[in-house]
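Trainee: Mind looking at a prediction? Sequence and model below.
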Protein chains: 4
Amino acid sequence: MRSKKMRVGILSAGGDCPGINAAIRGVGKTAIVEYGMDVVGIINGFSGLVEKQTISLSESQLSGILTLGGTILGTSRLKPFKVNEGEDPTVIPSLIKKHYEELNLEALVCIGGNGTQKTADLLAKEGLNIIGVPKTIDNDIWGTDLTFGFDTAVHIATEAIDRLHTTANSHKRVMVIEVMGHHAGWIALYSGIAGGGDVILLPEIPYDMELVAKCLLERSHKKKPYSIVVVGEGIFKEGKKKSAGAYMAKQIKRATGLETRETILGYIQRGGTPTATDRILATRFGTYAAQMVHNREFGKMVALRNGLVTSVPLSEVGGKTRLIEPDHSLIAKGRSMGVCFGDCTKRKI
Amino acid sequence: MRSKKMRVGILSAGGDCPGINAAIRGVGKTAIVEYGMDVVGIINGFSGLVEKQTISLSESQLSGILTLGGTILGTSRLKPFKVNEGEDPTVIPSLIKKHYEELNLEALVCIGGNGTQKTADLLAKEGLNIIGVPKTIDNDIWGTDLTFGFDTAVHIATEAIDRLHTTANSHKRVMVIEVMGHHAGWIALYSGIAGGGDVILLPEIPYDMELVAKCLLERSHKKKPYSIVVVGEGIFKEGKKKSAGAYMAKQIKRATGLETRETILGYIQRGGTPTATDRILATRFGTYAAQMVHNREFGKMVALRNGLVTSVPLSEVGGKTRLIEPDHSLIAKGRSMGVCFGDCTKRKI
Amino acid sequence: MRSKKMRVGILSAGGDCPGINAAIRGVGKTAIVEYGMDVVGIINGFSGLVEKQTISLSESQLSGILTLGGTILGTSRLKPFKVNEGEDPTVIPSLIKKHYEELNLEALVCIGGNGTQKTADLLAKEGLNIIGVPKTIDNDIWGTDLTFGFDTAVHIATEAIDRLHTTANSHKRVMVIEVMGHHAGWIALYSGIAGGGDVILLPEIPYDMELVAKCLLERSHKKKPYSIVVVGEGIFKEGKKKSAGAYMAKQIKRATGLETRETILGYIQRGGTPTATDRILATRFGTYAAQMVHNREFGKMVALRNGLVTSVPLSEVGGKTRLIEPDHSLIAKGRSMGVCFGDCTKRKI
Amino acid sequence: MRSKKMRVGILSAGGDCPGINAAIRGVGKTAIVEYGMDVVGIINGFSGLVEKQTISLSESQLSGILTLGGTILGTSRLKPFKVNEGEDPTVIPSLIKKHYEELNLEALVCIGGNGTQKTADLLAKEGLNIIGVPKTIDNDIWGTDLTFGFDTAVHIATEAIDRLHTTANSHKRVMVIEVMGHHAGWIALYSGIAGGGDVILLPEIPYDMELVAKCLLERSHKKKPYSIVVVGEGIFKEGKKKSAGAYMAKQIKRATGLETRETILGYIQRGGTPTATDRILATRFGTYAAQMVHNREFGKMVALRNGLVTSVPLSEVGGKTRLIEPDHSLIAKGRSMGVCFGDCTKRKI
């Protein structure tokens, strides 16, 4: 077919997230089976390019990883373009470029979150052939409607809320559950609706404690035996509060006098095997990235738009966070069923 | 707001499916909380209208049903417009119309599959104010990109395939798994890709046994210790074979000599609590249906189109089945990773 | 069979726990089907006897509750024999006795934890025909080798630890997980072994921070990329520390310099549907309790001893907690595989 | 401690089963950490001894396998003492003995079911230092109260029955589910009780079709909307029927006229990650086996007796199957709650 085999590198950077291995498999298998490329795995994110740590990925090494959480390539939080004061900001990027060339890479697929996509953009501007693949449980990457990892996190958070209903009901309590989402409240919104939360607090909607209390007391007066409050961890922008969930439970108890307990769901939201839905999205993203390599569509990130896999320029993505619009249809639908979002505005859909 | 309370009926008809209760809750809570309507539950699908069996649904009766499989209203397979020879085809529709009026319903929300939506259309043509809500694990309703129940079925089928990998590997076998889908292969395609199936056979793609055997033998020669074959139950159009999976296992054994076992997944695909994703879709569909009642948008079915909830005329939906297009992107992506779809065509994406 | 129907009451008291409904069903169905008794459900634990709040339980009301978490009878933490200063301690017991008689109960089955069994013993001493059924996720009731609720809690905690492995590995961290167990470390021990914990800290074994740090540093030096530390919530007897897990994570970071994160599993351990194992144990306990009623074996608690269901006098049970013996075989087995229990004693099994 | 390192081999033989890897890990880690032994893994059961295929097992290779289904050592169904007509029955045993010596093994741990324990006994009689570890989902190995794999199989079967309740209820059907168990009905009994089965048919209790039909019709007349029938696959001793479940569904339909559907659960019962309970049992068995090696207690099988891990002579185990006694307490308890076991005997507990 082609005289010389094309050689493509893959790395994963930033926090771990269910589906990374499914994406690596999608890129790798398509590159090998469909296009006859050579595939090189870069170890521990961008560190692997700095230290030239790689492994060759054959088809058989890509077998059996679809269902695994984490990443077989390892990851790191190294940001090549971020230097401490007094350091030369060109040293690490140059090294990466040099090793990219020495490894005879013709393209580099970077699987990662917001920070990784920003780095990917800067490397593209340095002349490397870069393709970004978005991943994060937080679902807050600009330019794509959805990221893999999100469905799994929502699944786990919803299962936890399901369990809390039992205990809340037996003890007639307010149960507060804090779910992940530093900047955006996507997990809180989706698991809150899927789990039947009564109050859902999102970083995007400033809440009024009096209204939250009023809503919970009204439920109590209406003889609803208990309430579930779902809190996104990022509701306190200034980051002063260590745990949004614990703080909120204390505030609720003070404001309402109701017996209140908190659960901080934490790291279990990002571990374990991805859901079927996340495996499929990661596979679609991965195979599409391989296709982009083949078509030499560089400097872009794979994205889902209106249900279709497509791509967006990395330059449009970098550094921007996709927050929930206050008039998001799921918020409107929640309100119409009586869910309180802390502002308690009763807007029509 | 309005001088007289609007009165809306809800029924579920056809096969059961995870998410029906979430949809009932979405319709009911929105109708009550947002629009101050009265909500009437019709028992056992259209039978409940024939026999005038109803219950009044208050907000508290709608609490706690979000997570339940099945339907609190019951269902039946009665088709009001289908009569035996010699019977008067107008008797049952007239009775339904009469009872609809006696119950003072201003609108009727019909949650169901293809057959139900067809009935819904015919009732709308009789002058009733009908809104359809699509549900089926098979995901094959015309006019909507997705139905609730599907994600749960794919989740269960994928989990089963995950388990089969272990056994297949230990015993170096071909494992055939038959999943649901009478007419369309959506569950087979999605669970097949999510579960890492090696061969995926769909009703939409006629298969060539020689090619299936060739693919499995090649895997065996390449020292892949085992293979997973995912079969949609509807691959034999004529319905002569009782079980597509058992038949296929026998054929494979005969054609390849490889040790082969089958699993017929069966009814466990449609039972139990819906996934978070299905609960959200069902909730979105339900609340949207209530909004349509409020806006008097009758004669339409709720639908998902390009990620947005919208509606389509029932007259366009009725009786049509949404099959997988042979050039569906997930099939193309599967092929590019080496999945065999029985026709073994190696098309470019 | 008998001229007059025997009448038996059932109540559940104390914290909720998976399997209570399975036990209620076991008592009730056996009482009705096997012995033709009348069954009365007491609402909200001992409060229901004080306020004479009951429901009649028929066979059909006991159908479908086997899988439900929580308790259909409700619960409360009322302790009839505990009074505030200046109050008459005989008032509430007398009321309970009076209502027990007015309800024509011939026996009362009390499903509950340590506190409930103590109350049960005191009521027996007041002359009531009492049978205790032990339940707690903590597995720390004296007199029985096992309580239902425990297997479910271990199952959930183990699943959480499984998820943490992925994240711990990706980020090369020490992950601390705090599981329930106020006085006894059963959940920590079992989930720690089942989840492959590297360090397991139990209330029963005082830990030495230096040894914990040494063990974690050794793992780090041996190039083990990460460690899992499972902590029972009751390791600080004085209860000064609000969260054992958070405090331990801080201590480990300080002592080792390793990146450390904590997860406090919390209330999700006691919610949701019971495991098959817990349903069976609860069913065995429940049916045995009904048989004890029939045989008029009062003043005793159902118990599991050496794999057999039997009974023990309530007077032997009350107020005592079943802790883990330091030479428990699972601790010995853990040590032999290199698990550190904080005291790091390398004893032979 | 000792001048020369002891050298122990481990193999797994027969069908796969969740927990084998946990047992391998238990043997290996204890042998290495506690006793400083060398550990050799034999590949593919007894075939690996015939072909001298082994791998050295270090502590790090034993990490991370606790949660994996299947067996990292592979398995085979080779029976060394079973030869075809005309073959010399001493050839393979001699070869095994020769390789055992050449590999300098001082002990061999054989993880397997009934057939494997029989082979283990014969090898012990040939003079090899053998220790058996029982494993099977069927729970039918003589000499031990419990085998690992069983709890996982019951867990999966119970989850499936839970799902069938929804569908059975929606469609007012009799649902028949066939679960594994060639000779013994342990899975059927335990999942049947845990899943709330109405009829449970076991190989150990010959059933009377008329009584089964009577029981199902009575339920139907009492307005119970549906019934669940749990069938052990081995109920037809002669093995004439291909599928006990499908045959039984047909018989029930014929005898009662009730709408009846079957589910054959099949291979998903033996795949996937073991439950916490099975991991703990497998770990206890594995560490105990290493201890037996150390103590040179050969010619025995690890066993659970009255809740304690102990050992039994292999000569007492071989070839015998542990069936359910007809007066097993769980059968009695089921009867007392109205469960029909096909013989419909109403015995007192």
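Mentor: Alright, I've got the coordinates. Numbering: from 1, shown residues only, chains lettered A, B, ... in the order given.

Trainee: Isn't A:Arg163 up against C:Asp16?
Mentor: No. Using Cβ atoms under 8 Å, A:Arg163 makes no contact with C:Asp16, being 10.9 Å away. In short, each C-beta sits where N, CA and C put it, glycine included.

Trainee: Now do the helix or strand hosting A:Leu304: distance to the chain's middle.
Mentor: Here A:Leu304 sits within strand A:300-305, counting by DSSP states H and E. Between the centre of strand A:300-305 and the centre of its chain there are 14 Å (Cα atoms, centre = their mean, to the nearest Å).

Trainee: Same question for stretch A:306-319.
Mentor: Distance of stretch A:306-319 from the chain centroid (Cα atoms, centre = their mean) equals 15 Å.

Trainee: Neighbours of A:Gly36, how many?
Mentor: 12 (other Cβ atoms under 10 Å in any protein chain shown).

Trainee: same thing with A:Ser58?
Mentor: Neighbour tally, A:Ser58, other Cβ under 10 Å: 12.

Trainee: Name the residues that touch the strand holding A:Leu304?
Mentor: Contacts with strand A:300-305, where a contact means Cβ atoms under 8 Å, 6 or more residues apart in numbering or on different chains, come from A:117, A:120, A:131-134, A:143-146, A:281, A:284-285, A:288-289, A:292, A:309-314, A:317.

Trainee: rerun at 6 Å
Mentor: A:117, A:132-133, A:143-146, A:285, A:288-289, A:310-314, A:317 (Cβ atoms under 6 Å, 6 or more residues apart in numbering or on different chains).

Trainee: and that strand, which residues are buried?
Mentor: A:300-304 (16 or more other Cβ atoms under 10 Å in any protein chain shown).

Trainee: Just the CA trace of that strand, in CSV.
Mentor: Extracted in CSV, the C-alpha atoms of strand A:300-305 (Å, rounded to 0.1, in the frame of the first residue of the first chain):
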residue,chain,number,x,y,z
LYS,A,300,-7.0,19.4,16.0
MET,A,301,-8.9,17.7,18.8
VAL,A,302,-11.4,14.9,18.3
ALA,A,303,-14.8,16.0,19.5
LEU,A,304,-18.5,15.0,19.7
ARG,A,305,-20.8,17.5,18.2
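
Trainee: need the residues of chain A near chain C, please.
Mentor: A:16, A:69-70, A:75, A:160, A:163-164, A:166-167, A:169-170, A:263-264, A:266-268, A:270-272 (Cβ under 6 Å from any Cβ of the partner chain).

Trainee: which of those are buried?
Mentor: Judged by 16+ other Cβ under 10 Å, buried ones among those: A:16, A:69-70, A:75, A:160, A:163-164, A:166-167, A:169-170, A:263-264, A:266-268, A:270-272.

Trainee: contacting residues for the residue nearest to the spatial centre of chain A?
Mentor: Most central in chain A under Cα atoms, centre = their mean is A:Thr136, positioned 1.8 Å from the mean C-alpha point. Shown in contact with A:Thr136 (Cβ under 6 Å, 6+ apart): A:17, A:113, A:147, A:149.

Trainee: would you list those residues in JSON lines and tack on pLDDT?
Mentor: Output for the contacts of A:Thr136, formatted as JSON lines (pLDDT from 0 to 100):
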{"residue": "A:Cys17", "pLDDT": "93"}
{"residue": "A:Gly113", "pLDDT": "94"}
{"residue": "A:Thr147", "pLDDT": "97"}
{"residue": "A:Gly149", "pLDDT": "97"}
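
Trainee: Most widely separated two among those?
Mentor: A:Gly113 and A:Gly149 (9.1 Å; Cβ to Cβ).

Trainee: For A:Gly272, which three-state class applies?
Mentor: Three-state assignment for A:Gly272 (DSSP: H, G, I helix; E, B strand; the rest coil): coil.

Trainee: Please enumerate the strands of the stretch 1-150 of chain A.
Mentor: Using DSSP state E, counting those that start in this stretch, the strands of the stretch 1-150 of chain A run over A:7-12, A:38-42, A:54-56, A:107-112, A:130-134.

Trainee: Name the strands paired with the helix or strand that contains A:Val230 and say parallel or antiparallel.
Mentor: A:Val230 is part of strand A:227-232 when elements are defined by DSSP H and E. Strand A:227-232 pairs in its sheet with strand A:174-179 (parallel), strand A:199-201 (parallel), by DSSP bridges.

Trainee: Who are the contact partners of A:Gly41?
Mentor: Neighbours of A:Gly41 in contact, by Cβ under 6 Å, 6+ apart: A:10, A:55, A:57, A:73.

Trainee: before we move on, the earlier item: filter the contacts of A:Thr136 down to the ones near chain D?
Mentor: With the criterion set as Cβ under 6 Å from any Cβ, no member of the contacts of A:Thr136 is near chain D.

Trainee: Just the buried ones out of the residues you listed, please.
Mentor: By 16+ other Cβ under 10 Å, those give A:17, A:113, A:147, A:149 as buried.
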